[in-house]
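> Got a sequence here, can you model it:
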Amino acid sequence: MSTLWIGTSWKMTKTLDEARAWSEGLREALGGDTAQAPAGVQPFVIPSFTATTTVRGILGEDSPVLLGVQNAHWEDAGAWTGEVSVPQAKDAGAQIVEIGHSERREHFGETVETTRLKVAAALRHGLTPLLCIGESADVKEAGGSSEFILDQARGALEGLSVEELSRVVIAYEPIWAIGEKGRPATVEELVEPFAALGAEYTGKVAGLLYGGSVNLDNAAGLLGIEHVTGLFVGRTAWELDGYLELLRIAEAHTAA
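I've put the predicted structure just below:
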């Protein structure tokens, strides 16, 4: 079985004190100075930029938990006020760059072209691009989900070598399932889009993740969908107990 990626993005939440408490709790739960990930599981956490170095300092450079940032610019440096470059993110301890989240697309003008530039920048500096794709409720109701998300993925990954593609993680996060107003997707609703993604990318990318109203009740079922190799989680994992339980669910799935 493939390694299961279990990660969380904190979005715009957590003070430094809250980030410290969460990170210290995770470090101790995984074994402290000899921390190890659950068997067959790759944990990762994507805090806000302000907490990046704090979380890295607590988890440690050799932590089995990968650290990410929620966005990064495609240029290495320059007059881009308010932006953070991939080299800066790497210098702060990041190993993953989240790219193309639907909130970035909707509110901050992210496009297929800019996701392609950002994926290339992350790869150029040895970081893992976590490419987020997902369709709106209107696209879903029109029956165009699979075509839409494949177009997003193909556009962002165009021109990559086999080796470069093997370092990419894709997270399918349907917009209609995200956030406080989102509704959890049923397993049946996810079979078709993951079949399409799996046919194109299974065995070629590092992981195919699902995200969108993931909770402790549906996590095991979501991991059972063919081609799903992990979960990208929001609110359920913002409390440490929730994240630890997700890790346990994933470990049990790998052992089954």
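
> Would you enumerate the residues in contact with N218?
P184 (Cβ atoms under 8 Å, 6 or more residues apart in numbering). (Glycine included, C-beta is placed from N, CA and C.)

> Look up phi and psi at it.
When read as degrees, to the nearest 10, the backbone of N218 gives phi -110, psi -10.

> Stretch 26-46: which residues count as buried?
Within stretch 26-46, the residues that count as buried by 16 or more other Cβ atoms under 10 Å are 26-27, 30, 35, 37-38, 41-46.

> can you redo these as TSV with secondary structure, pLDDT and distance to L157?
Listed next are the buried residues of stretch 26-46 as TSV, based on DSSP: H, G, I helix; E, B strand; the rest coil; pLDDT from 0 to 100; distance: Cβ to Cβ, whole Å:
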residue	secondary structure	pLDDT	distance to L157
L26	helix	98	31
R27	helix	98	34
L30	coil	98	32
A35	coil	94	32
A37	coil	97	27
P38	coil	96	29
V41	strand	98	25
Q42	strand	98	20
P43	strand	98	24
F44	strand	98	20
V45	strand	98	24
I46	strand	98	20
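
> Columns distance to P87 on top of the residues you listed, output as TSV?
Shown next, in TSV, are the buried residues of stretch 26-46 (distance: Cβ to Cβ, whole Å):
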residue	distance to P87
L26	27
R27	26
L30	29
A35	27
A37	27
P38	32
V41	29
Q42	24
P43	25
F44	20
V45	21
I46	18
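
> Please report how far the most far-flung residue of the chain relative to its centre lies from E106.
In terms of distance from the mean C-alpha position of the chain, A79 ranks first, at 28.1 Å (Cα atoms, centre = their mean). Look at A79 and E106: by Cβ to Cβ, to the nearest Å, they are 26 Å apart.
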